[in-house]
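> Sequence below, structure please.
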Amino acid sequence: MESSFPALGLAAWAQLQAKAGCTLCWGAQGTASSHQPLLELFLQDHHSLGMFTVSPCSGSIGPWGQQEIRVECLAGQEGTCEEQLSIDITGRDPKDNPLGIAFTLIAQSCLPAFIEDVTLIFEEYPICSSTNLEHKLQSVEGTGLYVRDEKRFIFSKVQVGQEAEAHFNIYNASCLPCNVVLSIKPLPGEEQSLINSIFKLHPLKMSVPGSSYAVATVTFIPPEEQNYTCIFRASLVIPKGCVEMKPQSLSFTISGKGQEPQLAVVCPSFPYGWSWLEADGMRAGHQPEVKLLKWCCVWRWQACEDSKRACNHWG
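Numbering: from 1, shown residues only. You can find the predicted model right below:
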């Protein structure tokens, strides 16, 4: 028989059930109990082996009755623990499992943690270096991009007063669920209230399932045509009593600039001069005729002296 515990945090327990029609006595088989007399086990109310504690160690079961065996697991260091136990029934056939009915307990202990791989965190966005940043900013089509060597996410092409959203994935590196606290902080010397009105974060807390991920959303609302910067931080919540766990946090800079629409008027140019339309004020609903004027530069008149045909064409 074999029983596998799921990944454990500080403590966990499992319940085992045994059914028989005679006296039941279960002892331990392994390094921790191989030299322990069966009578001594019979007199104990519990037995500890590795990170497991089994109770009771012995008992009697009436006909068609059942006995609940409680197994507690107190996780210690990270890793997998496997222990071999045996169940011995008095008066049974000694040829059948002479060392007892084997029973295996397996448990895996681990600490919560999240992945710091930027290719997973910024899965939706291009990742570049500062050497080709200007080219990337001009060609990027989405909300923004991440600059690896600067640890900075940049919102791109956001109009003043408009909203732009960025999504960051927080991946859980262990099979245990973990709690994460999110925050946005201003740069040193800047006001927190001003940053909170420009960068909005949701959610502020999240529980990430084991071997899965959750999404943090940052909304950028630039009030003016200028640059804005803040610091994003995700901090892992350390469970109570977990003294061996080191604090873990993920942080990077978020920046963006408000943009105003701009219109550039470029006069059309032609190989042989300028052309334009000249019109007076017009009444709504009317379609006045406009005379097309042609004008040639001095250099064109000089060219006409050498080319009568061209001069006649433009004259």
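> Touching, residue 256 and residue 159? I think so.
No - applying Cβ atoms under 8 Å as the test, residue 256 and residue 159 come out as separate, 11.2 Å apart. (C-beta placed from N, C-alpha, C; glycine too.)
> More neighbours: those two, which one.
residue 256 (25 against 13; other Cβ atoms under 10 Å).
> just how off-centre is the helix or strand hosting that one within its chain?
Element membership for residue 256, per DSSP states H and E: strand 249-259. Centroid displacement of strand 249-259 relative to its chain, using Cα atoms, centre = their mean, to the nearest Å, is 16 Å.
> do the same with stretch 148-155
That offset, for stretch 148-155, works out to 16 Å (Cα atoms, centre = their mean).
> May I have the distance across that stretch, first residue to last?
15 Å (Cα to Cα, to the nearest Å).
> Please apply the same query to stretch 73-87.
End to end - Cα to Cα - stretch 73-87 spans 19 Å.
> List the buried residues for that stretch?
By neighbour count with 16 or more other Cβ atoms under 10 Å, stretch 73-87 contains the buried residues 73, 74, 75, 81, 83, 84, 85, 86, 87.
> Out of these, the closest to residue 175 would be?
For these, the residue nearest residue 175 by Cβ to Cβ is residue 75; the value is 12.8 Å.
> I'd say the closest one and residue 51 touch.
Yes - taking contacts as Cβ under 8 Å, residue 75 lies within contact range of residue 51: 6.2 Å.
> Can you pull the residues that touch both of the two?
107, 109 (Cβ atoms under 8 Å, 6 or more residues apart in numbering).
> quick one on the thing from earlier: greatest separation within the buried residues of stretch 73-87: which pair is it?
The largest distance within the buried residues of stretch 73-87, taken as Cβ to Cβ, falls between 75 and 87 and amounts to 24.5 Å.
> Tell me, what's the model's pLDDT at the residue positioned nearest the centre of the chain?
With distances taken as Cα atoms, centre = their mean, the residue of the chain nearest its centroid is residue 170 (1.5 Å). Note on residue 170: pLDDT of 96.
> How about residue 158?
Predicted confidence (pLDDT) for residue 158: 94.
> What distance do you get for it to residue 197?
15 Å (Cβ to Cβ, to the nearest Å).
> Just want to know which of the two has more residues nearby.
Neighbour count, other Cβ under 10 Å: between residue 158 and residue 197, residue 158 has more, with 19 against 11.
> Quickly list what that one is bridged to.
residue 258 (DSSP bridges).
> please renumber so the chain begins at 27
From this message on, residue numbering opens at 27, which makes the last subject residue 184.
> My read is that residue 76 contacts residue 109, right?
Yes - under the criterion of Cβ under 8 Å, residue 76 makes contact with residue 109 at 4.7 Å.
> looking at the chain, which helix or strand does the model trust least?
strand 37-46 (a mean of 32; mean pLDDT, DSSP states H and E).
> so when I look at the residue nearest to the centre of the chain, I'm seeing a strand, right?
Yes - secondary structure of residue 196 (DSSP: H, G, I helix; E, B strand; the rest coil): part of a strand.
> Grab the nearest non-local neighbour of it.
Of all residues not flanking residue 196 in the chain, residue 240 sits nearest, at 5.2 Å (Cβ to Cβ, 6 or more residues apart in numbering).
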